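Trainee: make a model of this:
(2 chains, ligands or ions: 2)
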Amino acid sequence: MLKIDDLHVSVDGTEIIKGLSLEVKPGEVHAIMGPNGAGKSTLASTLAGRDAYEVTAGSVHYAGKDLLALAPHERAGEGIFLGFQYPVEIPGVSNLNFLRTALNAQRRYRGEPELNGADFMKLAKDKAKDLEMSLDMLKRFVNVGFSGGEKKRNEMVQMAVLDPKLAILDETDSGLDIDALKTVSQGINALRGSDRAILLITHYQRLLDYVVPDHVHVLADGRIVRSGGKDLAHELEAQGYAAAVA
Amino acid sequence: MADSPFDDAFAGLGGASAQRRAAYDRFRSLGLPSRRQEDWKYTDLAGLDRARLAPAATGPAVSAPVAGLDGPLLVLTNGRVDADASRMGDLPAGLEIVTDGEPASTGADNALAALNAAFAPQAVHVRVADGAAIDRPLQLLYRVTDADACAAHVRVRVALGARAALTLVERFEGDASAYWQNQVLDVAGETGSTLIHALFQAEGPRSVHSGLTRVALAGGARYRRFDLQTGAEIARNEVHVAATEAGAHADIRVAQMARAGQSLDTRSYLDHRVADTTSDQGARAVVDAQGRTAFQGKVHVARDAQRTDAQQQSKAILLDETAEANTKPELEIYADDVVCAHGATVGQLDAAALFYLVQRGLPLAEAKALLIEAFVADLFGDLDDDTLRDAFVAAAQVWFGKEPS
Ligand SMILES: Nc1ncnc2c1ncn2[C@@H]1O[C@H](COP(=O)(O)OP(=O)(O)O)[C@@H](O)[C@H]1O
Ligand SMILES: [Mg+2]
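Mentor: Ligands and ions are numbered 1, 2, ... in the order given. Reported below is the predicted structural model:
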């Protein structure tokens, strides 16, 4: 489903990703762990197509397509969702307006009919309810005045409504208390399915108790330095990255 | 005095009244404003000297009122009341509208107002009786068609009685001819009155638009202006508000959207003459490649005007390196116990917000439009009338060439 081959990425002329390869098959959940500054968010942003991130070598294929040739909104239309480490506040745009515009833009891209107001409202309300977000919050401006945890929950509401094929979740677990972590984990697990894949970027092993990964990778200094099964996460937690990477 | 190209146009009126003659003489002694004057730094009217002088002939009637508003509608086509296009039957009680063939020249220390007094074919008088709260908006539509090299001068006076309330919606529009529309609007608000003034400047792409609004507010009177400037090649607006008694309050909200070749300039003069008056000004500009805007907000606080509260905020978004937004607050404060704050920012669209939107599936152009729409809509957030607020958003969308939703 996703095949990254010897990827090199520079930001402002500095190489951050230095030859990264990774293959994710449908139905799989991969966790990417690693120390601060390793390049995890850079990898996520590159896959989503942020323009400051310059791919200097390597390739990325997604569902048989050359991902790097697609514009960011086309990648979204193809089913890629990025859960942001730092969700953005957008004053003046309500969550509902934002979500409906986004969903219908994706549906247009895929040649599907747009959802009408009533159908959309039902969908948005259902998904918000699953993730314990009130209608009142849905009506508010995107992330404006939301706490850190509310912003992350809002990312999960968006993911649930947009129903992606490949979700890349960048530290969705950071800043959550244990109850919120459980709710968010349920949201992630609800997305699991044989035709979908999830890339979980996380700093802590905590999330992986609730969303159990098929594979765990350690990203350090722009490369994947170790890969293993779910037990690798426990090893990392116990010994720290330095020992695991050495 | 040297000859002026306006002389022939004035002579062309034939048998002008003494009052028009006096107004014209006043204009001749003042002359057209020039960019050498500090107040006119951003607007060049030199072109008017050579063209757009002749009074516009009556044009074909067109009626395109603001969507969703079903109240009374007065249409002025090429400067003249167009009774057929208007909808003036069955006015709400307490609202009176009279058209006068001889516009009174009042306080013409302003060259464009003097010229307006000399040339305006008619004046429209709107009166709201004491205590009358008019619940349907009154719409004035000023339309110019087929008026190459012509000028349409329109003059309106709004008088609100004590505790009277009115929502006035003005819309300026025109075709692609190279015309000049020059309006003077005088507002007198008696004690405790409220005027909500929604203004859509959507003039034709080759036009010059000038507007002068002069407001005098008595005790506790409120003037709330919501103003969206999207049209004209050159637009120059002046808003003068005199707070003459305690409790008077003015809100000024001006959004300017300028694209290539457009110059949109708004100047405000908030004159706090006595103690305990307040004002709040908010300006937003969205400027595309080769466009220019200017917002100069002046606040004058007289020596005895203690406890004045005058706020001013201006924000501009530049969509291109060649876009230009000028913003200049000017405070002249002679009292010591006042709160006068001002702030100005000029920036680009937030790159992080844009990426967030495109990642969720919006094509880049749509993402930009949504952010700009939000930026403009935010300015009109405290306009209570939903229909009007939607109309502003729709007008901003038209600027993008988007079909209003
Ligand atoms: N926009 C940027 N400009 C310059 N340097 C950046 C930028 N984004 C990230 N970096 C640098 O790239 C490296 C990797 O950052 P990041 O991908 O955010 O790491 P992680 O998410 O693993 O903590 C860090 O050294 C960081 O300082
Ligand atoms: Mg990160």
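Trainee: for residue 133, what are phi and psi?
Mentor: Here I'm looking at chain A. phi -110, psi 130 (degrees, to the nearest 10).
Trainee: can you give me how far stretch A:210-226 is from the chain middle?
Mentor: In terms of Cα atoms, centre = their mean, to the nearest Å, the centre of stretch A:210-226 is set 14 Å apart from its chain centre.
Trainee: how about stretch B:127-140, which residues are buried there?
Mentor: For stretch B:127-140, the neighbour count (16 or more other Cβ atoms under 10 Å in any protein chain shown) marks B:127, B:128, B:129, B:132, B:134, B:137, B:138, B:139, B:140 as buried. For every residue, glycine as well, the C-beta is placed using N, CA and C.
Trainee: burial count for residue 44?
Mentor: The chain I'm using is chain A. Residue A:44 has 22 neighbouring residues, counting by other Cβ atoms under 10 Å in any protein chain shown.
Trainee: meant chain B, my bad for not saying
Mentor: By the measure other Cβ under 10 Å, the count of residues near residue B:44 is 15.
Trainee: helix or strand for it, which one?
Mentor: Under DSSP states H and E, no helix or strand contains residue B:44.
Trainee: what pLDDT does it get?
Mentor: Per-residue pLDDT puts residue B:44 at 89.
Trainee: find the nearest non-adjacent residue to the residue in chain A that chain B sits nearest to, please.
Mentor: Proximity to chain B, evaluated over chain A using Cβ to the nearest Cβ, is greatest for residue A:92 at 2.8 Å. Computed as Cβ to Cβ, 6 or more residues apart in numbering or on different chains, the closest residue to residue A:92 that is not its neighbour in sequence is residue B:374, at 2.8 Å.
Trainee: please name the nearest non-neighbouring residue to residue A:125.
Mentor: Residue A:125 sits nearest to residue A:135 (Cβ to Cβ, 6+ apart), 6.4 Å away.
Trainee: up against ligand 1, what does the stretch 1-150 of chain B have?
Mentor: Neighbours of ligand 1 within the stretch 1-150 of chain B, by Cβ under 6 Å from any ligand atom: none found.
Trainee: just confirm residue B:182 contacts residue B:150, I think it does.
Mentor: No: using Cβ atoms under 8 Å, residue B:182 makes no contact with residue B:150, being 11.3 Å away.
Trainee: what about the residue nearest to residue A:92, how many neighbours?
Mentor: For residue B:374, using other Cβ under 10 Å, the count is 21.
Trainee: ligand 1 contacts on chain A?
Mentor: A:11, A:12, A:16, A:34, A:36, A:37, A:38, A:39, A:40, A:41, A:42, A:52.
Trainee: in TSV, list those residues along with neighbour count and pLDDT.
Mentor: Formatted as TSV, the residues of chain A next to ligand 1 follow (neighbours: other Cβ atoms under 10 Å in any protein chain shown; pLDDT from 0 to 100):
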residue	neighbour count	pLDDT
A:11	16	95
A:12	8	94
A:16	21	97
A:34	26	90
A:36	8	89
A:37	12	92
A:38	25	94
A:39	23	95
A:40	23	96
A:41	20	95
A:42	21	96
A:52	12	90
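Trainee: and those residues, which is closest to ligand 2?
Mentor: Using Cβ to the ion, residue A:41 is the member of those that lies nearest ligand 2, at 3.2 Å.
Trainee: just say helix, strand or coil for that closest one.
Mentor: helix (DSSP: H, G, I helix; E, B strand; the rest coil).
Trainee: how far away is it from residue A:222?
Mentor: Residue A:41 sits 12 Å away from residue A:222, going by Cβ to Cβ, to the nearest Å.
Trainee: before we move on, what about residue B:111?
Mentor: 67 Å.
Trainee: looking at the two, which one has more neighbours?
Mentor: Taking other Cβ under 10 Å, residue B:111 and residue A:222 do not tie; residue A:222 has more neighbours (21 against 18).
Trainee: my read is that that one contacts residue A:15, right?
Mentor: Yes: judged on Cβ under 8 Å, residue A:222 makes contact with residue A:15 at a distance of 6.8 Å.
Trainee: circling back: and the residue of chain A closest to chain B, which helix or strand is it part of?
Mentor: strand A:90-94.
Trainee: tell me what that strand is packed against?
Mentor: strand A:141-142, helix B:351-359, helix B:364-379 (3 or more Cβ pairs under 8 Å, 6 or more residues apart in numbering or on different chains; DSSP states H and E).
Trainee: need the CA coordinates for it. PDB is fine.
Mentor: Provided in PDB are the C-alpha atoms of strand A:90-94 (Å, rounded to 0.1, in the frame of the first residue of the first chain):
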ATOM      1  CA  ILE A  90      -8.300  28.700  12.000                       C
ATOM      2  CA  PRO A  91     -10.300  31.600  13.300                       C
ATOM      3  CA  GLY A  92     -13.400  32.400  11.300                       C
ATOM      4  CA  VAL A  93     -13.900  28.800   9.900                       C
ATOM      5  CA  SER A  94     -16.200  26.500  11.900                       C
END
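Trainee: note down every partner strand of it and its orientation.
Mentor: Partners of strand A:90-94 in the sheet, by DSSP bridges, are strand A:141-142 (antiparallel).
Trainee: count the residues that sit near the residue nearest to residue A:125.
Mentor: 12.
Trainee: which pLDDT value goes with the residue of the stretch 201-350 of chain B found nearest ligand 1?
Mentor: Nearest to ligand 1 in the stretch 201-350 of chain B, going by Cβ to the nearest ligand atom, is residue B:350, at a distance of 14.6 Å. Confidence at residue B:350, expressed as pLDDT, is 93.
Trainee: tell me which element residue 158 falls in.
Mentor: Answering for chain A, as no chain was given. Assigned by DSSP H and E, residue A:158 falls in helix A:148-162.
Trainee: should've been chain B
Mentor: Counting by DSSP H and E, residue B:158 is found in strand B:150-160.
Trainee: continuing past that strand, what's the next helix or strand?
Mentor: Next element after strand B:150-160 (DSSP H and E): strand B:165-174.
Trainee: what inclination does that next one have with respect to strand B:150-160?
Mentor: Strand B:165-174 runs at 180 degrees relative to strand B:150-160, counting by axes from the mean of the first three to the mean of the last three Cα atoms, to 10 degrees.
Trainee: where in chain A is pLDDT low?
Mentor: Residues of chain A meeting the criterion pLDDT under 70: A:244-246.
Trainee: just to revisit the earlier point, name the strands paired with the strand holding residue B:158 and say parallel or antiparallel.
Mentor: In the sheet, strand B:150-160 lines up with strand B:54-55 (parallel), strand B:123-128 (parallel), strand B:180-189 (parallel) (DSSP bridges).
Trainee: where's the closest residue to residue A:75 other than its chain neighbours relative to residue A:77, distance?
Mentor: Leaving aside its chain neighbours, residue A:75 sits nearest to residue A:49 (5.4 Å; criterion: Cβ to Cβ, 6+ apart). Relative to residue A:77, residue A:49 is positioned 12 Å away (Cβ to Cβ).
Trainee: before we move on, what about residue B:368?
Mentor: Taken as Cβ to Cβ, the span from residue B:368 to residue A:77 is 18 Å.
Trainee: cool, residue A:119 as well?
Mentor: Applying Cβ to Cβ to residue A:119 and residue A:77 gives a distance of 19 Å.
Trainee: neighbour-wise, which of the two wins?
Mentor: A direct count of neighbours by other Cβ under 10 Å for residue A:119 and residue A:77 places residue A:77 higher, at 19 against 10.
Trainee: give the contact list for that one.
Mentor: A:105, A:106, A:109, A:110, B:361 (Cβ atoms under 8 Å, 6 or more residues apart in numbering or on different chains).
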